[in-house]
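J.: Prediction below, plus the sequence it came from.
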Amino acid sequence: MNHFLDIHKTDKDALRAIIDSAADIKNARAGKAKAALDAELPLKDRMVALIFEKPSTRTRTSFDVGVRQMGGQTMVLSGADMQLGHGETIADTARVMSRYVDMIMIRTFDEAVLEELAEYASVPVINGLTDRTHPCQIMADILTYEEHRGPIKGKKVVWCGDGNNVCASFLHAAGQFGFDLTFTGPVQLDPEMEFVGLARSQGSTINIERDPFKAVEGADLIVADTWVSMHDAQSAKERRHNMLRPYQVNADLMAAAGKDALFMHCLPAHREEEVTSEVMDGPQSVIWDEAENRLHAQKAVMKYCLEG
């Protein structure tokens, strides 16, 4: 049985196979070849539980549509529906859910919830997001980069802003896929040094550069994310805006990177905050392809889990 918990916990060859499978899945649907589409039904007669302790648009929609396109059915559960870990233990919930469904995707707060669910489940568990990592997003990002620019190995990715959970998974991917990453943001929001060290130990060059214009020199890909969480208090939002304002991705920053650099954002975006509309809607932005590719990448992840 294969879980998909984090990029650094998944074999490099398996990760490459997932990306290649995602590209094949996308191409098959674009061509609408019946034989290819029939081969996309590994979830026929299967039930997948989609658990959301955190609200979601793209994760919920893309997983729900992906399961249906692969022939399966979904059971969507919120934290209020389950009260996960309140009363019944997570371990017992995992044991019970495994008797009802064939796969579990969970979007939760605490990484420990994901890990305990996977430890005690007898069906595959997929990390739809935790406060610490977001691996499915980065698989979609790599798919997107490679369909526009070819192999990501050896390329330079620049992360602008907050060293958050998406940044963490980019660091995991740097080591596994062999690209370099430069973080530019305020020192208070640096990424976890554990993840920086892990990527460096795998041969990736990981730099921290406070000057965003220096950071993006020679960049192949620039990535930003929202500056604030939906759960942040107003005072915290104001402090973050003050810290992060110098790291806005705008036309001047993209020009410093060069015309061949791509821009990505996992969405939702706050226009004119972490990124300007001019960049989001400009020729270097691939955010809509990136959003679509959540669907294809996650279908490939689910195939990988079932093949185990």
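T.: Nice, I can see it. Residues are numbered from 1 along each chain as shown.

J.: residues contacting the nearest residue to residue 178 once chain neighbours are set aside?
T.: The shortest distance from residue 178 to any non-neighbouring residue, by CB to CB, 6 or more residues apart in numbering, is to residue 153 (4.2 Å). The C-beta positions use only the backbone N, C-alpha and C, and glycine is treated the same way. For residue 153, the contact set (CB atoms under 8 Å, 6 or more residues apart in numbering) comprises 177-179.

J.: Can I have the buried ones of those residues as a PyMOL selection?
T.: Selection of buried members from those for PyMOL, criterion 16 or more other CB atoms under 10 Å:
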select buried, resi 177+178+179
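
J.: In JSON lines, list the contacts of residue 153 along with pLDDT, distance to residue 199 and secondary structure.
T.: Formatted as JSON lines, the contacts of residue 153 follow (pLDDT from 0 to 100; distance: CB to CB, whole Å; DSSP: H, G, I helix; E, B strand; the rest coil):
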{"residue": "177", "pLDDT": "98", "distance to residue 199": "10", "secondary structure": "helix"}
{"residue": "178", "pLDDT": "98", "distance to residue 199": "10", "secondary structure": "coil"}
{"residue": "179", "pLDDT": "98", "distance to residue 199": "9", "secondary structure": "coil"}
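
J.: now, among the contacts of residue 153, which is nearest to residue 307?
T.: Nearest to residue 307 among the contacts of residue 153, counting by CB to CB, is residue 177 at 20.5 Å.

J.: What about residue 267, how many residues nearby?
T.: Residue crowding around residue 267 was assessed by other CB atoms under 10 Å; the count is 16.

J.: Relative to residue 141, how far out is it?
T.: With distances taken as CB to CB, to the nearest Å, residue 267 is found 11 Å from residue 141.

J.: Sketch out the helices for the stretch 151-300 of the chain, chain order is fine.
T.: Taking DSSP state H, counting those that start in this stretch as the criterion, the stretch 151-300 of the chain carries its helices at 165-177, 193-201, 212-215, 234-244, 251-257, 277-280, 287-307.
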